[in-house]
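>>> 3D model of this:
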Amino acid sequence: MPVPAEQASKRSRDIAICIAPSFHFHLIARLHQDGQSLVLKVGDATRDHLLQADPDTFFVTDHYRGYPYVLAHLHRLGTVDLRKLLQRAIEVSPRS
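Numbers count the residues shown, from 1 in each chain. Below is the predicted model:
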């Protein structure tokens with residue numbers, strides 16, 4: 001999956017994937033501090049749909065409530081699902 005100007009970064013011992021359309025990095029995904037969940041920027045509508053469709057896989061914490069992010073239990077995600085979620089995260093990220 002091609003990611004425009006992608007950068008994987010380690011910051012505060014977290015692993016994150018960001019895109020850099022200019023000089024600003026936009027977080028699209030990162031490993032949650034629990035080490036078992038992925039934080040993904042998917043937009044409000046997609047987040048709400050995922051939470052309703054599969055609450056055993058997708059959830060939010062108080063920290064992410066009100067933001068366009070969803071958390072996913074990694075052990076419940078297949079490769080195809082992960083690829084689609086990362087693609088969605090790229091689509092909803094600003095391009096400039």
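>>> could you use CA atoms for every contact and neighbour count after this?
Will do.
>>> which parts of the helix or strand hosting residue 81 are buried?
With elements taken from DSSP states H and E, the one containing residue 81 is helix 79-92. Across helix 79-92, burial judged by 16 or more other C-alpha atoms under 10 Å covers 82, 85-90.
>>> what's the local residue count around residue 44?
Neighbour count for residue 44, taken as other C-alpha atoms under 10 Å: 15.
>>> mind checking how far the nearest residue to it once chain neighbours are set aside is from residue 88?
Counting by C-alpha to C-alpha, 6 or more residues apart in numbering, residue 68 is the residue found nearest to residue 44 once chain neighbours are left out, at 4.7 Å. From residue 68 across to residue 88, the span is 12 Å (C-alpha to C-alpha, to the nearest Å).
>>> overlap in contacts of the two?
Here residue 68 and residue 88 share the contacting residues 41-42, scored by C-alpha atoms under 8 Å, 6 or more residues apart in numbering.
>>> please give the element, helix or strand, for the residue nearest to residue 61 when sequence neighbours are not counted.
Excluding the flanking residues, the one nearest residue 61 by C-alpha to C-alpha, 6+ apart is residue 71, at 8.0 Å. Using DSSP H and E, residue 71 maps to strand 69-73.
>>> run the angle between that strand and helix 79-92 for me.
Relative orientation of strand 69-73 and helix 79-92, computed by axes from the mean of the first three to the mean of the last three C-alpha atoms, to 10 degrees: 170 degrees.
>>> what is the distance between strand 69-73 and the centre of its chain?
Computed by C-alpha atoms, centre = their mean, to the nearest Å, the chain-centroid distance of strand 69-73 equals 7 Å.
>>> okay, now the unreliable bits of the chain?
Low-confidence segments of the chain (pLDDT under 70): 1-25, 95-96.
>>> and if we set it to 90?
Applying pLDDT under 90 to the chain picks out residues 1-31, 33, 89-96.
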